[in-house]
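A.B. asks: I'll drop the sequence and a predicted model, then ask my questions.
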Amino acid sequence: MYVDVHSHLTHEDFASDLPEVIARAEQSGLTAIVVNGLEPKSNQRILQLAQQYPVIKPALGIYPIEAINDIVSNLPFPVKKFDVLEEIASIRREVAAGRVFAIGECGLDGHWVGEETFAAQEKVFEQLIGIALEFDKPLIIHTRKREERSMEILAAHGVKRVDFHCYGGKSKLALRAAEQHGWYFSIPANARNNESFRKLLKELPQEQVLTETDCPYLAPVRGQRNEPANVVGTIKLMAELRSWTEDQAKAQVWQNFQRLFQV
């Protein structure tokens, strides 16, 4: 009944012990790990993992920086070149074939790149929104320093099934979006050490809260590798903040997961 709605188990940090990581998650009570794609290689690997491990739910997407791989350079991390339109078409084919659980991650980023890239980012974002709407799939959103614009685009398209992963914008904006649109927000496993995440975990409508790890990033202990089993600690924190039992918090998040992902 625990869920991790945003993870990156295709990351090289899991290359040596992925079976053990998944086993620990299942032993901790996780029944769903949504693994999110960033570009062609991770998208294809996720589909393979989903066939191998039933607990893995595949989300295919294009990370905002990857979406503009043809126009960005001099970033502190590598961005491989690929045909974005071809990958969008590939994602659509996989969704149409019934092999995809969600679309994402996708969205907008203003942290690593400047305004000159925004129009190109939005074009890709809107095409992925179109696939989600066509096949009635939830969207898992990355937005950094472009939270309000991401919400404007989603609202303009009338998107209902949305999860904002690792939301770092203004809390008031998130609370309003949850109340007005019914959108969801997944809280990372480092929430105990992050005032903004704790605020969301406590104050969001209880029906709009989900748990994630973004593993291998955002571990409860800085510098360590994160993994899906750590959502258990987020549920414990949610229970503390809301004066609930852990079973109550776990059941609420599970119900939220079922509602958004229609499982």
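C.D. replies: Happy to help now that I have it.
A.B. asks: The stretch 51-200 of the chain: helices as residue ranges?
C.D. replies: 84-96, 118-135, 147-156, 171-181, 195-203 (DSSP state H, counting those that start in this stretch).
A.B. asks: would you turn these into TSV with mean pLDDT?
C.D. replies: Listed next are those as TSV, based on pLDDT from 0 to 100:
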stretch	mean pLDDT
helix 84-96	98
helix 118-135	98
helix 147-156	98
helix 171-181	98
helix 195-203	98
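A.B. asks: The ones you listed into CSV, with extra columns for distance to residue 13 and mean neighbour count?
C.D. replies: Quick note: C-beta positions are derived from backbone N, CA and C, even for glycine. Shown next, in CSV, are these (distance: least, C-beta to C-beta, whole Å; neighbours: other C-beta atoms under 10 Å):
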stretch, distance to residue 13, mean neighbour count
helix 84-96, 24, 16
helix 118-135, 26, 18
helix 147-156, 27, 18
helix 171-181, 29, 16
helix 195-203, 22, 18
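A.B. asks: Can you lay out these as CSV showing distance to residue 188?
C.D. replies: As requested, the helices of the stretch 51-200 of the chain are exported to CSV (distance: least, C-beta to C-beta, whole Å):
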stretch, distance to residue 188
helix 84-96, 25
helix 118-135, 22
helix 147-156, 16
helix 171-181, 14
helix 195-203, 6
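A.B. asks: Distance of residue 194 relative to residue 214?
C.D. replies: Noted for residue 194: a distance of 12 Å to residue 214, by C-beta to C-beta, to the nearest Å.
A.B. asks: what touches both of these two?
C.D. replies: Any residue near both residue 194 and residue 214 by C-beta atoms under 8 Å, 6 or more residues apart in numbering counts here, and that gives residue 188.
A.B. asks: More neighbours: these two, which one.
C.D. replies: Between residue 194 and residue 214, residue 214 has the larger neighbour count (other C-beta atoms under 10 Å), namely 21 against 16.
A.B. asks: hang on, isn't that one packed against residue 8?
C.D. replies: Yes: using C-beta atoms under 8 Å, residue 214 is in contact with residue 8, at 7.0 Å.
A.B. asks: Strands of this structure, residue ranges please.
C.D. replies: Assigned by DSSP state E, the strands in the chain fall at 2-7, 30-36, 56-60, 102-109, 139-144, 162-165, 184-187, 209-211.
A.B. asks: and the residue nearest to residue 150 when sequence neighbours are not counted, how many neighbours does it have?
C.D. replies: Leaving aside its sequence neighbours, residue 150 sits nearest to residue 143 (C-beta to C-beta, 6 or more residues apart in numbering; 4.0 Å). Residue 143: 27 surrounding residues under other C-beta under 10 Å.
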